[in-house]
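1. Let me see the structure of the following:
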Amino acid sequence: MAKNEPDTGAGVSTADVQQVLQTETGGRALTGPSAVLLFIVPVCWSLFQLWIASPLPFILDFGIFNSTEARSIHLAFAVFLAYAAFPMIKGKHDTKVPIYDWVLALAAAFAASYLFVFYDELATRPGAPITQDLWVALAGLVLLLEATRRALGLPLTIVAAVFITYSLAGPYMPDVISHKGVSLSKLASHQWLGTEGVFGVALGVSTSFVFLFVLFGALLERAGAGNYFIKMAYSMLGHMRGGPAKAAVVSSGLSGVISGSSIANVVTTGTFTIPLMKRVGFPATKAGAVEVAASTNGQLTPPIMGAAAFLMVEYVGISYLEVIKHAILPALISYVALIYIVHLEACKLNMKGIERLNKPTLAQRMLTWVVLLIGLSVLTFAVYYGVGWVKDIFGEAAMWVLGPLLVAVYVGLVWYATRFPPLEEDDPSKEMGELPEVGPTVKSGLYFLLPVVVLVWCLTVERFSPQLSAFWATAFMIFIVITQRPLKSFFRKHGHLSSEFTGGIVDLFHSLATGARNMIGIGVATATAGIVVGTVTLTGIGLVMTQFVEVISGGNILLMLIFTAIISLILGMGLPTTANYIVVSTLMAPVIVTLGAENGLLVPLIAVHLFVFYFGILADDTPPVGLAAYAAAAISGGDPIRTGVQGFTYDIRTAILPFMFIFNTQLLLIGLTGWVDLLVTIFSAVTAMLVFSAATQGFWFTKTRWWETVLLLLITFTLFRPGFWWDMVYPPTEDRPATEIYQHVEDVPADQPIIIQASGMSIDGDETSKYLRLPLPAGETPEQRLAEAGLELSASGDRMVVDFVNFGSMAEQVGIGFGWTIDKVQVEKDRPPKELMVIPALILLAFLAWGQLRRKKREDAKAQAA
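-> Just a heads-up that it's a prediction; the model follows:
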């Protein structure tokens, strides 16, 4: 190491960490005019995205772009920056941009913006491109693949190239995946000149939603919110066993609000938490692994969850609020379990907490929590009903009252923050000292929570679109970045208000540039992943995949899920989470839903998409390629492979969750019947995850024996899937003849579904039989309710024949066609609740706890005697 090169305290140089950061946000470190240009262009990109997200174009009737034009400009910025920010060969031209890269950047930007520049002309010749169109489209595809290789590496480039080859060489493929093939002109037109391929839904989501959330995170980070979240978690949890590691888990969860990237989480929170963990006794490998596990799970944390959450809105066809609702419980129990795993590791290493200044008594801590909970509850009700009252009184003018009120609250919180010392960045080279006090630490940055509150409020209460919600939160965050420095200077009476205001403007423009540079990889990835989606629509490979997977799995849904998980993990080793999610969900989600329905398991589409999403994220710490593990190892000084292996052992708890919520959708808050059902589900899920953590760590109150581990795993399974055992004793449903459908419909409440087994000719001409969930509207008679759902039936033996299906009706949407037959009606049976299985599981758990506590007492007595 060079003499002047600082060390992070973790065995690696700052340069190593900077290399990881540079890989995440851009490959070149430029100076001179090139650096200025690569600052101005990202700022312009951010300003463009803010403009199209704001209401201003419609208010001013100027600068209105339709979705295709916006996607075209978005990709033009992304590919231009990909060529300018990333060198052709790593290690060459890292400090300058050669002429040929400028030429390629401009050519790629022109090809991407072609749909915008020639939008009117292209609209006059749909499906009949001229020679110029085809040349631009082919050049655009080649340039996009090269931009992807530069920004994201070879894996996604290879995947896209394979799908392009498959489109062209269909007749020469093996019989099981062959198709008639497409011409080069058809391929170019489909992938580039329309919205079926590159400029499809994925790029649209990147344009509409994702950019603003990434920019929002960049603004928060620049304002100091990242350091505030870390210090807050450290001050609150540092006194516990393995406190810094627990703080790493919590701060990474909070950073999930800022960043949708597990690697970005590692390199931001990890530079602080990993050295802290090492200083209190965690080995380098385990310190890095804890940060990896926490950061990969940060991407699971609502309300942002990376770009994939917004893609689910489009692909599944549900609101963003619904996605958050389904994702919240698995994310929370996964984080609770990781904190518990850290606690078990600390117990195994016999760690102690860090001393806190002015240590409060137990009664004082309990009183503080009670006051905090009551205060938050009162504040929540006051805000909710207060805002509602203002809107009732002032109507459309309410924003002119609520806006200044929000600003006044912000100014008040900044004034309150200045009464406490500013938070300093941690110095990893110093010895571990006493913990900072919780109160002053928390109070010094409360105003950072306001933009998050605005975001959540707009999403959940106002029910704005994700794009508009992100815009208002980002606009408020811009106001904070500009004003927080001069306000603090004013309240602390330091003077220099003009220079502080200038500093705020500088911070803003740096945030705009950083947010756009962070979007290069996502923009390029979503465009390239669109090639895969375009291939599916162009060649019909989706139907081929259904047959292929059915043959491999033999129709077994569990084997199918394992197959899907392995594909996600393999692709995720080289693909960004967003691209991985697009590829695997496009190919596999319909397959799982279809084959599940044919075998009697009705899997909600959101459950399958979350399944794919989870395993795509877990690939970030899966050896031998796990990028998050490499990033953590660069900071900790540990071995990257061992760090990845250890991180994956921590993340096994996350890996079992998708399998559980496929078979028990109550974990996704689907099918709950009331508050009691919700509380039982939460309690059993959290308990199951904690028990599973103890089983996989081989330690609970003391080291577990093999038979205890087996019993803990059995208890885990029972708590997660109580219905598995209960169904053996009390079958949940019975199949009745289809001729009883009218009697059954009469007993089904309005807007509740019935489950039927239907069979008929599929789109590809094959006979198929599957179970379907058909929603039933209200109606006076069973016949009328079925007619409202779009079905007209007539009896034929013990079956019902579909005489007519209304176009666009619920029946057509679930897949019933004219001439199909309804073979059976599935009816729920009256039985005791399956949750009763929780009772014997808890009794067995209490027995194991009693045995472990007795053994621990004997071991402690022997240790004291020795």
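
2. State which helix of the chain is the longest.
-> helix 362-394 (DSSP state H).

3. same for that helix, what does it pack against?
-> Packing partners of helix 362-394 (3 or more C-beta pairs under 8 Å, 6 or more residues apart in numbering; DSSP states H and E): helix 399-417. Quick note: C-beta positions are derived from backbone N, CA and C, even for glycine.

4. any idea how far stretch 275-290 is from the chain center?
-> How far stretch 275-290 lies from its chain's middle: 26 Å, per C-alpha atoms, centre = their mean, to the nearest Å.

5. Between the two ends of that stretch, what distance do you get?
-> Chord length of stretch 275-290, first to last residue, is 12 Å (C-alpha to C-alpha, to the nearest Å).

6. Name the spans of the stretch 651-800 of the chain whose pLDDT lies under the cut-off.
-> Residue ranges of the stretch 651-800 of the chain with pLDDT under 70: 763-765.

7. can you give me the strands for it?
-> Along the stretch 651-800 of the chain, counting by DSSP state E, counting those that start in this stretch, strands occupy 733-737, 753-761, 767-775, 791-796, 799-805.

8. How about the contacts made by residue 749?
-> Listed by C-beta atoms under 8 Å, 6 or more residues apart in numbering, residue 749 has no contact partners.

9. now it: how far from residue 521?
-> According to C-beta to C-beta, to the nearest Å, residue 749 stands 48 Å off from residue 521.

10. Ok, residue 700 next?
-> 42 Å.

11. which of these two has more neighbours?
-> residue 521 (26 against 23; other C-beta atoms under 10 Å).

12. my guess is the more buried one meets residue 152, correct?
-> Yes - using C-beta atoms under 8 Å, residue 521 is in contact with residue 152, at 5.6 Å.

13. Which elements pack onto the one helix or strand residue 594 maps to?
-> Residue 594 belongs to helix 577-598 when assigned by DSSP states H and E. Packing contacts for helix 577-598, counted by 3+ C-beta pairs under 8 Å, 6+ apart, involve helix 308-316, helix 520-539, helix 541-553, helix 557-572, helix 605-618, strand 767-775.

14. and the fifth one, what does it pack onto?
-> Identification of packing neighbours for helix 605-618 by 3+ C-beta pairs under 8 Å, 6+ apart yields helix 284-298, helix 308-316, helix 320-348, helix 557-572, helix 577-598, helix 652-663.

15. now do the second one
-> Applying 3+ C-beta pairs under 8 Å, 6+ apart, one finds that helix 520-539 contacts helix 67-85, helix 131-152, helix 154-168, helix 184-192, helix 201-205, helix 577-598.

16. most packed of the ones you listed?
-> helix 201-205 (a mean of 26; mean count of other C-beta atoms under 10 Å).

17. any idea how far it is from the chain center?
-> In terms of C-alpha atoms, centre = their mean, the centre of helix 201-205 is found 16 Å from the chain centre.

18. Please apply the same query to stretch 667-684.
-> Counting by C-alpha atoms, centre = their mean, stretch 667-684 comes out at 22 Å from the chain centroid.

19. Straight-line length of it, end to end?
-> Stretch 667-684: ends 10 Å apart by C-alpha to C-alpha.

20. What lies in contact with that stretch?
-> Stretch 667-684 is touched from outside by 325-330, 604, 606-607, 610, 657, 660-661, 665-666, 685, 719-720, 722, 835, 838, with contacts defined as C-beta under 8 Å, 6+ apart.

21. Let me know which of the helices and strands packed on helix 605-618 is the nearest to residue 28.
-> helix 577-598 (22.6 Å; C-beta to C-beta).

22. Need the pLDDT of the closest residue to residue 723 other than its chain neighbours.
-> Distance criterion C-beta to C-beta, 6 or more residues apart in numbering; nearest residue to residue 723, sequence neighbours excluded, is residue 834 at 4.4 Å. pLDDT recorded at residue 834 is 86.

23. Number of residues surrounding residue 834?
-> 19.

24. OK, contacts around it?
-> 722-723, 726-727, 732 are the contacts of residue 834 under C-beta under 8 Å, 6+ apart.

25. Dump the strands of the stretch 651-800 of the chain to CSV, plus distance to residue 88 and mean neighbour count.
-> Output for those, formatted as CSV (distance: least, C-beta to C-beta, whole Å; neighbours: other C-beta atoms under 10 Å):
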stretch, distance to residue 88, mean neighbour count
strand 733-737, 60, 14
strand 753-761, 53, 19
strand 767-775, 50, 16
strand 791-796, 60, 16
strand 799-805, 56, 18
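
26. Give me the secondary structure label for residue 824.
-> Here residue 824 takes the strand state, with states given by DSSP: H, G, I helix; E, B strand; the rest coil.

27. before we move on, what about residue 199?
-> Going by three-state DSSP: residue 199 is coil.

28. How about it: what's its closest non-neighbour residue?
-> In space, residue 199 is closest to residue 71, 4.9 Å off (C-beta to C-beta, 6+ apart).

29. mind checking how far the one you found is from residue 180?
-> Where residue 180 is concerned, residue 71 sits at a distance of 30 Å (C-beta to C-beta).

30. by how many degrees do the helix holding residue 594 and helix 520-539 diverge?
-> If you take axes from the mean of the first three to the mean of the last three C-alpha atoms, to 10 degrees, helix 577-598 sits at 40 degrees to helix 520-539.

31. Quick check: mean pLDDT of helix 577-598?
-> Here helix 577-598 scores 77 as its mean pLDDT.

32. before we move on, what about stretch 195-210?
-> Across stretch 195-210, pLDDT averages out at 85.

33. now it, how far from the centre of its chain.
-> Using C-alpha atoms, centre = their mean, the offset of stretch 195-210 from its chain centre is 17 Å.

34. Give me the distance between the two termini of that stretch.
-> OK, stretch 195-210 end separation, C-alpha to C-alpha: 18 Å.

35. do stretch 437-446 as well
-> Stretch 437-446: ends 15 Å apart by C-alpha to C-alpha.

36. Now do the buried residues in it.
-> 438, 441-442, 444-446 (16 or more other C-beta atoms under 10 Å).

37. with these in mind, which one is nearest to residue 508?
-> Closest to residue 508, out of all of the buried residues of stretch 437-446 and judged by C-beta to C-beta, is residue 445, at 18.6 Å.

38. Excluding covalently adjacent residues, which one is nearest to that closest one?
-> Per C-beta to C-beta, 6+ apart, closest to residue 445 is residue 228, 3.7 Å.

39. Tell me which helix or strand that neighbour sits in.
-> Assigned by DSSP H and E, residue 228 falls in helix 225-237.

40. name the helices or strands packed onto that helix?
-> helix 243-255, helix 262-279, helix 438-443.

41. export these to a markdown table and tack on distance to residue 472 and mean pLDDT?
-> Formatted as a markdown table, the helices and strands packed on helix 225-237 follow (distance: least, C-beta to C-beta, whole Å; pLDDT from 0 to 100):
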| stretch | distance to residue 472 | mean pLDDT |
| --- | --- | --- |
| helix 243-255 | 21 | 73 |
| helix 262-279 | 24 | 73 |
| helix 438-443 | 25 | 83 |
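
42. Right, I'll leave it there.
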